[in-house]
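In: sequence plus predicted model, see below.
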Amino acid sequence: MATYRIAHLSDPHLLDLTGVPTSQLVLNKRITGFANLKLKRGSHHKPRVVEAMMDDLAARRVDHVVITGDLTNLALDPEFARARAVIERMGYSPDDVSVVPGNHDLYTGGAARGQRFVKHFAKYITSDLDVAAAHPSGPFPYVRLRGPAAIIGLSTAVPRLPLVASGWAGDAQLAALERILARDELAGRVPVVLMHHPVTNPTSALATVMRGWREAPTMRRVLSKARESLALHGHLHHRVHEVIAAEGGSTIHRLGATSASLVHHNPHAMAGYNLYEVSRERGLERVSARVWNASSEAFDEAALPQHA
Ligand SMILES: [Fe+2]
Ligand SMILES: [Fe+2]
């Protein structure tokens with residue numbers, strides 16, 4: 001079977017406050033996010049880089065595009081609408097685009113109660129198997145069987161207190177993932193699992209509580225049921241490839257994409273997207289990245305940095 005090409009981008013953090021009264025921003029948790037955005041993000045996250053990325057992907061025609069969360073900043077309806085318009089700019093069929101939420105997409109209890117992510121991105125989270133468990137962000141995981149890949153979308157996004165950005169999937173989702181990996185439909189396919197938080201945590205326990213994912217070791221154990229899997233994430237705003245030797249001789253490729261809008265002096269944080277090629281015969285065959293060049297205003301081919 002032919003090689004299947006997947007483009008992976010993450011964390012566009014598209015801001016849109018159109019029609020949002022200032023009172024709505026200052027009366028709740030959003031003020032923290034808004035201040036954070038103004039102080040640290042406003043000058044670095046450039047929506048036009050995301051638009052240029054969509055045009056690059058429109059021209060290259062990969063087989064599938066995956067987006068691992070934080071499409072918005074404050075989980076507001078105008079932001080979701082803008083994110084949808086940006087995705088549509090690529091001109092891909094919704095069957096060929098898969099998304100999962102990040103902590104910013106479930107920024108408030110209202111965003112979760114209103115199921116805003118699920119409503120806005122319904123056509124990008126359809127499932128070929130009836131496997132979803134209940135989660136505050138909606139019905140996850142979903143499974144999309146595509147050529148040699150089984151694209152599985154998991155949610156680690158839940159509303160948190162201000163300044164806390166940690167992930168939570170829950171036992172029901174992790175058990176569902178374990179059942180999915182054992183299904184006949186998965187035999188011979190490479191599981192490509194989308195999640196916002198990485199399957200490895202910061203070394204500090206406090207950092208793990210504040211912005212990590214305490215279920216990461218459990219997740220690695222579940223993924224070890226597959227001989228080889230891809231665990232795609234965002235959240236760190238840094239591109240990386242780590243080859244994890246898991247239980248029973250299993251290999252987990254932790255693949256992080258940086259923020260799609262971030263203009264940064266660190267070449268590993270600079271906006272860009274990752275490219276993966278998988279086949280039934282050889283699993284993950286090739287990994288590379290396309291990185292924003294602020295001088296030429298185009299994307300250059302680059303190697304994906306290996307985790308040190
Ligand atoms: Fe992010
Ligand atoms: Fe995040």
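Out: Perfect, I can see it now. Ligands and ions are numbered 1, 2, ... in the order given.

In: switch to C-alpha atoms for all contacts and neighbour counts from now on
Out: Noted.

In: can you pull the contacts of the nearest residue to Val164 once chain neighbours are set aside?
Out: With CA to CA, 6 or more residues apart in numbering as the criterion, Val164 has its nearest non-adjacent residue at 4.9 Å, and that residue is Met210. Shown in contact with Met210 (CA atoms under 8 Å, 6 or more residues apart in numbering): 163-166.

In: so is Met210 in a helix, a strand, or just coil?
Out: helix (DSSP: H, G, I helix; E, B strand; the rest coil).

In: in the sheet, who's paired with the most centrally placed residue in the chain?
Out: Nearest to the geometric centre of the chain sits Thr68, at 0.8 Å (CA atoms, centre = their mean). For Thr68, the beta-bridge partners are Val100 (DSSP bridges).

In: check contacts around it.
Out: Counting by CA under 8 Å, 6+ apart, Thr68 touches 8-11, 99-102, 194-196, 232-234.

In: just give me the least confident of the contacts of Met210.
Out: Across those, the smallest pLDDT goes to Leu163, namely 86.

In: pretty sure that one belongs to a strand, no?
Out: No: looking at Leu163 with three-state DSSP, it is coil, so not inside a strand.

In: can you pull the phi/psi pair for it?
Out: Dihedral angles phi and psi of Leu163 (degrees, to the nearest 10) take the values phi 80, psi 0.

In: isn't Gly91 up against Ala59?
Out: No: between Gly91 and Ala59 there is no contact under CA atoms under 8 Å: 9.8 Å.

In: the more surrounded of those two?
Out: Gly91 (14 against 11; other CA atoms under 10 Å).

In: what's stretch 87-103 in contact with?
Out: By CA under 8 Å, 6+ apart, stretch 87-103 touches 11, 51, 54-55, 57-58, 63-71, 117, 121, 123-125, 137, 153-159, 165-167, 194-197, 235.

In: in helices, which of those appear?
Out: In helices, defined here by DSSP state H, the members of these are 51, 54-55, 57-58, 117.

In: list the buried residues for stretch 259-275?
Out: 259-263, 267-275 (16 or more other CA atoms under 10 Å).

In: let me fix that: stretch 161-172
Out: Across stretch 161-172, burial judged by 16+ other CA under 10 Å covers 165-169.

In: closest to ligand 1 among those residues?
Out: Set against ligand 1, the nearest of the buried residues of stretch 161-172 by CA to the ion is Ala165 (9.3 Å).

In: so for the closest one, what's the nearest residue that isn't a sequence neighbour?
Out: Arg211 (4.4 Å).

In: with adjacent residues omitted, what lies nearest to Val49?
Out: Distances taken as CA to CA, 6+ apart put Ser261 closest to Val49, at 5.5 Å, once the chain neighbours are dropped.

In: show me the contacts for that neighbour.
Out: Neighbouring residues of Ser261 by CA under 8 Å, 6+ apart: 11-13, 44-50, 271.

In: can you select the buried ones from those residues in PyMOL?
Out: Only the buried entries of the contacts of Ser261 go into this PyMOL selection, using 16+ other CA under 10 Å:
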select buried, resi 11+12+13+45+46+47+49+50+271
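
In: out of the contacts of Ser261, which are inside helices?
Out: Counting by DSSP H, the contacts of Ser261 place 47-50 in helices.

In: now these as JSON lines including distance to ligand 1 and pLDDT?
Out: Formatted as JSON lines, the ones in helices among the contacts of Ser261 follow (distance: CA to the ion, whole Å; pLDDT from 0 to 100):
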{"residue": "Pro47", "distance to ligand 1": "14", "pLDDT": "92"}
{"residue": "Arg48", "distance to ligand 1": "17", "pLDDT": "94"}
{"residue": "Val49", "distance to ligand 1": "16", "pLDDT": "96"}
{"residue": "Val50", "distance to ligand 1": "14", "pLDDT": "96"}
